[in-house]
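Trainee: The sequence and its predicted three-dimensional model are supplied below.
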Amino acid sequence: MDPFARSAKLRQEADLVMQAIGLHDILAPYGPVTFIGSYFLDTMAYPDIDISIPPVTIAQLFGIGGQIAASELVAEVVFQRSKTPDLPGGLYLKPRVKYGDWGRPWKIDIWSLREDIIAQRVAEMQRIKAALTEARRAQIIRYKCAILTPAGRTPMYSGIFIYRAFVDEGLSDFGDVTRYLIAHGIQVENA
């Protein structure tokens, strides 16, 4: 599939997935739902949605997970505590949703984070979005599709570094972008 058709189809299907499992209604009682990453920037390459919500307790997060898991489309829900210093106290919920035909389930990354951390993440996403010309957005989508792993996803933790490479560093050569990712500790299989 053409990278741009793929990205457009993923973006459209993301809304259908969230609607099908009732995600907005489930998360609404806990405060604003903030989208970041490829869904927010409209640069999707694989079935993944990144969401931040205000701080909740572990019991509340498990309640959210239970409501999400009630959907027949949900294959699993994973819980983790943040392991990185840039997300102190963060709680993570990852539902996997059987929907569409991407060779893998949809992954929804739901982070419960301090509001100042959400604000920092949003500010970076807004800064990147403001700098995204159509040409740069097209380069990012092509690049992301070019480096999809055998598992059908971009390399783990690569998203923000891809955006920084194209937007902040002004890189356009795919080899240079790959070297930038590797220099930042990202494992790129399809280099």
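Mentor: Ah, there it is. Numbering: from 1, shown residues only.
Trainee: can you list contacts of the helix or strand hosting Ala123?
Mentor: Using DSSP states H and E, the element containing Ala123 is helix 115-131. For helix 115-131, the surrounding residues in contact (Cβ atoms under 8 Å, 6 or more residues apart in numbering) are 34, 36-37, 40-41, 52, 54-55, 86-88, 90, 113, 160, 163-164, 167. To be clear about C-beta, it is placed using only N, CA and C from the backbone, and glycine gets the same treatment.
Trainee: Out of those, which sit inside helices?
Mentor: If you go by DSSP state H, the contacts of helix 115-131 have Gly37, Phe40, Leu41, Ile160, Tyr163 in helices.
Trainee: related to what we said a few turns ago, buried stuff in whichever helix or strand comes after the helix holding Ala123?
Mentor: Next in sequence after helix 115-131, counting helices and strands by DSSP H and E, comes helix 134-146. By 16 or more other Cβ atoms under 10 Å, the buried positions in helix 134-146 come out as Arg136, Arg137, Gln139, Ile140, Ile141, Arg142, Tyr143, Lys144, Cys145.
Trainee: so which of those comes closest to Ala45?
Mentor: Using Cβ to Cβ, Lys144 comes nearest to Ala45 of the buried residues of helix 134-146, at 3.6 Å.
Trainee: quick one: the closest residue in space to Ser172 that isn't next to it in sequence and Val188, what's the gap?
Mentor: Leaving aside its chain neighbours, Ser172 sits nearest to Gln139 (6.1 Å; criterion: Cβ to Cβ, 6 or more residues apart in numbering). Distance, Gln139 to Val188, by Cβ to Cβ, to the nearest Å: 16 Å.
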